[in-house]
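Student: structure for this input, please:
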Amino acid sequence: MARNLIQFQEGLSIPQFNALYATEEQCEAALEKMRWPDGFCCPRCGEQDYGIVHGRRHKRYQCRQCRHQATLTAGTIMEATKLPLTTWFLAFYLIGQAKNGISSLELSRSLGVNYDTAWLLQSKIMRAMSEREEAYVLKGNVQIDDAYLGGERPGGKAGRGSENKVPIVAAVSLNEEGHPIHVKISPVSGFTADGVASWAKRYLGAGSAVLSDGLACFRSVVAAGCEHTFIVTGGRHPDQLPEFRWINTILSNLKTSLNGTFHAFNFAKYGKRYLGAFCFRFNRRFNLAAMTERLLNAACCCGPRPERVLRLAEPSG
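Tutor: Just a heads-up that it's a prediction; the model follows:
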């Protein structure tokens, strides 16, 4: 069998990463270039003339026009951080290069920080990844399916009524050759016509050709201007359904990723950020070498998210 060129691409090796981001000065330069590619721009007045205030933990700029001071991390997911930038960049690298993700415990060991710090850092990065994914809209030929996060609890309800199961909708867009391009996986309020219609209006482009397994709620994708066809699976094994090859493969990879990496997490409360992180890596799999840089960009585009916000439950749909 021929090797998959996407899976066997080189990516960014550890020596290459160290050559780019081993020092605080290198990380500062990379962050500055990402935030202000045309040079510093005062967030208050827009002036570009500035001076440097020394003696601070992180590089601080002072606008010569309005005297406003701004750090490299201000206004980003890294705002007010006490960690060195080298620690943040190493976290970007480890989270971005891990195909199945990385647990907070393993991240804490790799970064040399305690578990609570690693959890907070990873939650911020995954939140940035998830919010970045909100911009993706699937177009063209799209396969869609329903699934659940979580399993049955001992003594609890069985089947779809389990208190520990969170409904999710997964969809993948295909190119003209039938190969997967982008994926969208997110929690929904339930497998209802209104819930799926709301999801489709948000994440499916008008005119998309949607293929489903015939679950009644998927008919409501027409509310988003999509065409809908279905094939009744009748309980057949996925191997007997070549029409749904890619969506079944993606869901299988998702379950393997979550089950093999994370010991446990609150599916209903935090599921959206874990799904968003999975989609972020998948949708950028064509260029693994640029993953650290793209995570840096996501961190810069996402505003500050303090711990009290990250501890709140994320809305479904």
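Student: is it correct that Arg305 is in contact with Lys124?
Tutor: Yes: using C-beta atoms under 8 Å, Arg305 makes contact with Lys124 at a distance of 5.6 Å. Every C-beta, even on glycine, is put in place using the N, C-alpha and C of the backbone.
Student: now do the shared contacts for these two.
Tutor: Ile77 (C-beta atoms under 8 Å, 6 or more residues apart in numbering).
Student: of these two, who's got more company?
Tutor: Using other C-beta atoms under 10 Å as the criterion, Arg305 and Lys124 rank with Lys124 on top: 26 against 18.
Student: residues of the longest helix seen in the chain that come out buried?
Tutor: Assignment by DSSP state H gives helix 115-133 as the longest helix of the chain. Across helix 115-133, burial judged by 16 or more other C-beta atoms under 10 Å covers 117-133.
Student: show residues contacting it.
Tutor: Contact with helix 115-133 is made by 77-78, 83, 87-88, 91-92, 95, 102, 104-105, 107-108, 111, 113, 184, 270, 272-277, 279-280, 283, 295, 298-299, 301-302, 305, 307, 310, as judged by C-beta under 8 Å, 6+ apart.
Student: out of the residues you listed, which are buried?
Tutor: Using 16+ other C-beta under 10 Å as the burial test, the contacts of helix 115-133 include 77-78, 83, 87-88, 91-92, 95, 102, 104, 107-108, 111, 113, 184, 270, 272-277, 279-280, 283, 295, 298-299, 301-302, 305, 310 as buried.
Student: so, low pLDDT: which residues of the protein?
Tutor: Regions of the chain meeting the criterion pLDDT under 70 cover residues 1-2, 151-164, 317.
Student: tell me where it has strands.
Tutor: For the chain, strands defined by DSSP state E occupy the ranges 50-53, 60-63, 69-71, 141-149, 166-174, 180-187, 209-212, 227-230.
Student: got the CA positions of the first one in PDB?
Tutor: Right, strand 50-53. The C-alpha coordinates for strand 50-53 follow below in PDB (Å, rounded to 0.1, in the frame of the first residue of the first chain):
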ATOM      1  CA  TYR A  50       7.100  54.200  20.100                       C
ATOM      2  CA  GLY A  51       9.800  53.800  22.800                       C
ATOM      3  CA  ILE A  52      10.700  50.700  24.800                       C
ATOM      4  CA  VAL A  53      10.200  50.600  28.600                       C
END
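Student: thanks a lot, see you next time.
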